[in-house]
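Chemist: turn this into a structure:
(chains A, B, C and D)
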There are 4 protein chains.
Amino acid sequence: MTSTPDYGCAFALWRGEAARWDAYVNHAFVAGLRDGSLPRERFLNYLRQDYVFLIHFSRAWALATAKAGTLEEMTTTSATVHALVHHEMPMHVRLCAEAGIDAATLEATEEAPGNLAYTRYVLEAGYSGDFLDLLAALAPCVLGYGEIGVRLMGAETPYRDWIETYGGEEYQDLCREVGALIDGALARRLGADWPSLPRAAELSHRFATATRLEVGFWEMALAG
Amino acid sequence: MTSTPDYGCAFALWRGEAARWDAYVNHAFVAGLRDGSLPRERFLNYLRQDYVFLIHFSRAWALATAKAGTLEEMTTTSATVHALVHHEMPMHVRLCAEAGIDAATLEATEEAPGNLAYTRYVLEAGYSGDFLDLLAALAPCVLGYGEIGVRLMGAETPYRDWIETYGGEEYQDLCREVGALIDGALARRLGADWPSLPRAAELSHRFATATRLEVGFWEMALAG
Amino acid sequence: MTSTPDYGCAFALWRGEAARWDAYVNHAFVAGLRDGSLPRERFLNYLRQDYVFLIHFSRAWALATAKAGTLEEMTTTSATVHALVHHEMPMHVRLCAEAGIDAATLEATEEAPGNLAYTRYVLEAGYSGDFLDLLAALAPCVLGYGEIGVRLMGAETPYRDWIETYGGEEYQDLCREVGALIDGALARRLGADWPSLPRAAELSHRFATATRLEVGFWEMALAG
Amino acid sequence: MTSTPDYGCAFALWRGEAARWDAYVNHAFVAGLRDGSLPRERFLNYLRQDYVFLIHFSRAWALATAKAGTLEEMTTTSATVHALVHHEMPMHVRLCAEAGIDAATLEATEEAPGNLAYTRYVLEAGYSGDFLDLLAALAPCVLGYGEIGVRLMGAETPYRDWIETYGGEEYQDLCREVGALIDGALARRLGADWPSLPRAAELSHRFATATRLEVGFWEMALAG
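Modeler: Purely as a prediction, here's the structure:
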């Protein structure tokens, strides 16, 4: 039996309220990563779409810096952008290259509707809402991958590299940092009792919608 | 044989370049509206999702006013918002009420992923791009419904009311006005030879992506 | 002795906390409107800048529609945009024409820094923050003019027309509506006890900054 | 006689068209930095306002990453944000500390209207326009400081440190990089003949307005 990782209060709350959380973190795609039954071709399809996803996800984190309220919030979010653009994306390009997908093919990937739905939802939440709306929409991806990574650690599977990226200490530290960023941002704006405010339902709904779209992303990767 | 309605230069160009345009305007859903074979339940499902769609679509037109470059652009776009919010949406509420869907049920509609994908794509195009990006993303809905309306006029079908709304003179005037708004906005910013600029490919891509998402919207309505 | 007009709870609170509120509503420019000592040339200078101001102010109200959370919020804000763009601005053009400033001269007005500072502050508050940030930044202009109008009603001055526009019942109704919009938006998101939240200080700061910039606008009009 | 530094084509063009460029780079504040006649107290006042300025300027560069069109544009802009937030701002805090302004005092700086006008203009240009509008509004600060730095290098003055920061090779490299980013972004969207398009006048106007606001920033620092 696995316990839920501790990424802070907001995560625990929103995770419990998101109807599709289990459908996301225990998806057939995830099970296929764990036992190795996921066809290689589906995984490569996922990698290609994930590359396009990461571009828009980095843009969304950059938007968070633009909408931050304190220097500390700017520091954390801009460090995340820097890590995504200057480390994670080049690594992704390398990983794809090793799998026989060259940079040009990667660049030419047509964004699938399920991908487009997710990234534009997150970005629009940020533009139309405020820093909190954006964080609530960003959280399921960052923290859900952390939870999946932790759960799958140690599995004997050809997808071990992928698992260790997200289950490893570096990524787990990032998850705790992002969790703390969210808790801090909430307390700073809405006070300690924020879960009792109507605003809490909006934010939880943002998290739940992004979670629904994560399920859609796995579906797209399996089907595409 | 039906000819294409004349909604201006940009529309003619972008329509010709959008791979999925025919799939959109000649979709099985549209055929079902024409010959009346569309099950009533599918139509009501569509109306419910379209109500949620119209909310976000109105927000996107309001964003166009915020991003307009001239008073005339502000006048046209804000008149569209006003028509959507103060006339089209109340009419939609009435139409649904007649079909037995009360306001509370309508408000409680869960936004389907295909709906969400489309509206957030349009809004994000507007926020991340400029006035032209937003218009290119808004065009397939406004003008495509005009084209469908014109083509279906005169059909003997229980969906005649819907057809006459979009095929009728008032809506056709709006289409010509929006077409002129787009052509004027392009010329004002990019000059008469704008189709030869790299920017033209970006805008055509915006239009083509929104068209893809229109196809997804019909799929969702048929399946939902 | 004049009492403060009742435009709702948030206005009463924020007005009391804005250090420069009196400097704004009792500015030398306002005194000059009341007793007629304001030189005609300064008033015309103000009208020209105010025309540019109204363009950006209308854009900011349109952004409010894009960022609204309910259909009712969309209805109120889009009605304001419509009134500004389709009634107030044409009236402004007429008023200027009567004063000998033709449309071309009006259009060619170079935006003064004090004007630019104010409008961009409001728009940026809306883009970087959420619906509440935007309303808090919009409030001092709408409601402050209402307060000034009420106070100056009945004054024997060549600026009676201007005073009656803002002191008259139609504009006073708008002020009460905007006040109710703000109170409703706050309660809907933050609950009844919102003034006790840290968020309240941010919003009050938005209001106070916009008030400071109103003072700057009068200074610019007197000096320019 | 000093020549103009070569930061690319767009800079050369816009600089030549900005009516207030000389008023900016040869301002009395700049002359006072060169010959040391600038009162220390005015310089410290400038540092305090500049700290607040850098926060919003970093936010604007982060917005550029969110609005970028290619991975390369994301890489350059996010590197700038990282440099600003993780190097330049901590350095600024140290510099202020050495001058006897502690972090708390710095944080408590009330943003002067001239500061507010400038930063909100830049951010709003980015939000309401596109990537190009944002770059045109960002350019006068980045590149103007480069030009001032180069011109003042070698001056015997207590403000040598400041001069060497902007006149030194590292900052000059950044200026050339930003110049190339702008030229590339223009060509990628508008083609090689972009200066002949109506859009060019809009962008030049953005640059000229931001230049006017730089003059206002020096005025504020001298007066404040």
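Chemist: from here on, just use CA atoms for contacts and neighbour counts.
Modeler: Fine.
Chemist: tell me which parts of chain A are close to chain D?
Modeler: Residues of chain A lying close to chain D by C-alpha under 8 Å from any C-alpha of the partner chain are A:55, A:58-63, A:65-67, A:71, A:74-75, A:78-79, A:81-82, A:85-86.
Chemist: filter those residues down to the buried ones.
Modeler: Among the residues of chain A next to chain D, those classed as buried by 16 or more other C-alpha atoms under 10 Å in any protein chain shown are A:55, A:58-63, A:65-67, A:74-75, A:78-79, A:81-82, A:85.
Chemist: those residues in helices, which ones?
Modeler: A:55, A:58-63, A:65-67, A:74-75, A:78-79, A:81-82 (DSSP state H).
Chemist: so which of these reach chain C?
Modeler: Okay, of those touching chain C (C-alpha under 8 Å from any C-alpha), that's A:66, A:67.
Chemist: tell me the one of the ones in helices among the buried ones among the residues of chain A next to chain D nearest residue C:5?
Modeler: When these are compared for distance to residue C:5 (C-alpha to C-alpha), residue A:67 comes out closest, at 34.5 Å.
Chemist: surely the closest one meets residue A:130?
Modeler: Yes. If you go by C-alpha atoms under 8 Å, residue A:67 and residue A:130 touch, sitting 6.9 Å apart.
Chemist: what residues are shared contacts of the two?
Modeler: Common contact partners of residue A:67 and residue A:130 (C-alpha atoms under 8 Å, 6 or more residues apart in numbering or on different chains): C:128, C:129.
Chemist: quick one: what helix or strand has the closest residue to residue A:214 other than its chain neighbours in it?
Modeler: Take residue A:214 and drop its neighbours on the chain: the residue closest to it by C-alpha to C-alpha, 6 or more residues apart in numbering or on different chains is residue A:24, 6.3 Å away. Using DSSP states H and E, the element containing residue A:24 is helix A:21-25.
Chemist: dump that helix to CSV, restricted to CA.
Modeler: The C-alpha coordinates for helix A:21-25 follow below in CSV (Å, rounded to 0.1, in the frame of the first residue of the first chain):
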residue,chain,number,x,y,z
TRP,A,21,-7.5,12.1,-9.5
ASP,A,22,-7.4,8.3,-9.3
ALA,A,23,-8.3,8.0,-12.9
TYR,A,24,-5.3,10.2,-13.6
VAL,A,25,-2.6,8.7,-11.4
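Chemist: next helix or strand past that helix?
Modeler: helix A:28-35.
Chemist: tell me the average confidence for that next one?
Modeler: Regarding helix A:28-35, the rounded mean pLDDT is 98.
Chemist: got the contact list for that helix?
Modeler: A:37, A:38, A:148, A:152, A:155, A:156, A:157, A:158, A:159, A:218, A:219, A:222.
Chemist: go again with 6 Å.
Modeler: Contacts with helix A:28-35, where a contact means C-alpha atoms under 6 Å, 6 or more residues apart in numbering or on different chains, come from A:38, A:155, A:157, A:159.
Chemist: and the helices in chain A?
Modeler: Secondary structure of chain A by DSSP H: the helices cover A:9-17, A:21-25, A:28-35, A:40-67, A:71-83, A:89-98, A:103-107, A:113-128, A:131-152, A:160-167, A:169-190, A:198-223.
Chemist: quick check: which of those helices is buried the most?
Modeler: helix A:113-128 (a mean of 26; mean count of other C-alpha atoms under 10 Å in any protein chain shown).
Chemist: for that one, what is the distance to the chain centroid?
Modeler: Relative to its chain's centre, helix A:113-128 lies at 13 Å (C-alpha atoms, centre = their mean, to the nearest Å).
Chemist: any idea how far chain C is from the closest residue in space to residue A:48 that isn't next to it in sequence?
Modeler: Nearest residue to residue A:48, sequence neighbours excluded (C-alpha to C-alpha, 6+ apart): residue A:106, at 6.0 Å. Distance of residue A:106 to chain C, computed by C-alpha to the nearest C-alpha, to the nearest Å: 33 Å.
Chemist: what's the answer for residue A:164, then?
Modeler: Noted for residue A:164: a distance of 36 Å to chain C, by C-alpha to the nearest C-alpha.
Chemist: distance of the residue minimising distance to the centre of chain A relative to residue D:141?
Modeler: By C-alpha atoms, centre = their mean, chain A has its centre lying nearest to residue A:141, at 1.7 Å. Distance, residue A:141 to residue D:141, by C-alpha to C-alpha, to the nearest Å: 37 Å.
Chemist: which residues are contacting stretch A:39-55?
Modeler: Contacts for stretch A:39-55 (C-alpha under 6 Å, 6+ apart): A:221, A:222.
Chemist: could I get the average pLDDT for that stretch?
Modeler: Mean predicted lDDT for stretch A:39-55 stands at 94.
Chemist: distance between it and the chain's centre?
Modeler: From the chain centre to the centre of stretch A:39-55 is a distance of 14 Å (C-alpha atoms, centre = their mean).
Chemist: now residue A:68: closest residue in space that isn't a chain neighbour?
Modeler: That would be residue A:74: by C-alpha to C-alpha, 6+ apart, it lies 5.7 Å from residue A:68.
Chemist: wait, doesn't that neighbour sit right on residue A:65?
Modeler: Yes. Taking contacts as C-alpha atoms under 6 Å, residue A:74 lies within contact range of residue A:65: 4.9 Å.
Chemist: now the contacts of helix A:28-35: which count as buried?
Modeler: A:38, A:157, A:159.
Chemist: which of these lies closest to chain B?
Modeler: Closest approach to chain B among the buried ones among the contacts of helix A:28-35 (C-alpha to the nearest C-alpha): residue A:38, at 24.8 Å.
Chemist: for the closest one, what are its contacts?
Modeler: Applying C-alpha under 6 Å, 6+ apart, the residues near residue A:38 are residue A:32.
Chemist: how much space between it and residue D:176?
Modeler: Residue A:38 is 48 Å from residue D:176, where distance means C-alpha to C-alpha.
Chemist: ok, now residue A:119?
Modeler: 33 Å.
Chemist: ok so, going back, pLDDT wise, what is the residue nearest to residue A:214 at?
Modeler: Taking residue A:24 on its own, its pLDDT is 98.
Chemist: how far out from the middle of the chain is stretch A:107-118?
Modeler: That offset, for stretch A:107-118, works out to 16 Å (C-alpha atoms, centre = their mean).
Chemist: contacts for that stretch, please.
Modeler: So stretch A:107-118 is contacted by A:213, A:216, A:217, B:117 (C-alpha under 6 Å, 6+ apart).
Chemist: ok, which pair from these is furthest apart?
Modeler: A:217 and B:117 (12.1 Å).
Chemist: would you mind naming what in chain A lies close to chain C?
Modeler: Applying C-alpha under 6 Å from any C-alpha of the partner chain, we find that chain A lies next to chain C at A:67, A:128, A:129, A:130, A:189, A:190, A:191, A:197, A:198, A:199.
Chemist: lovely, talk soon.
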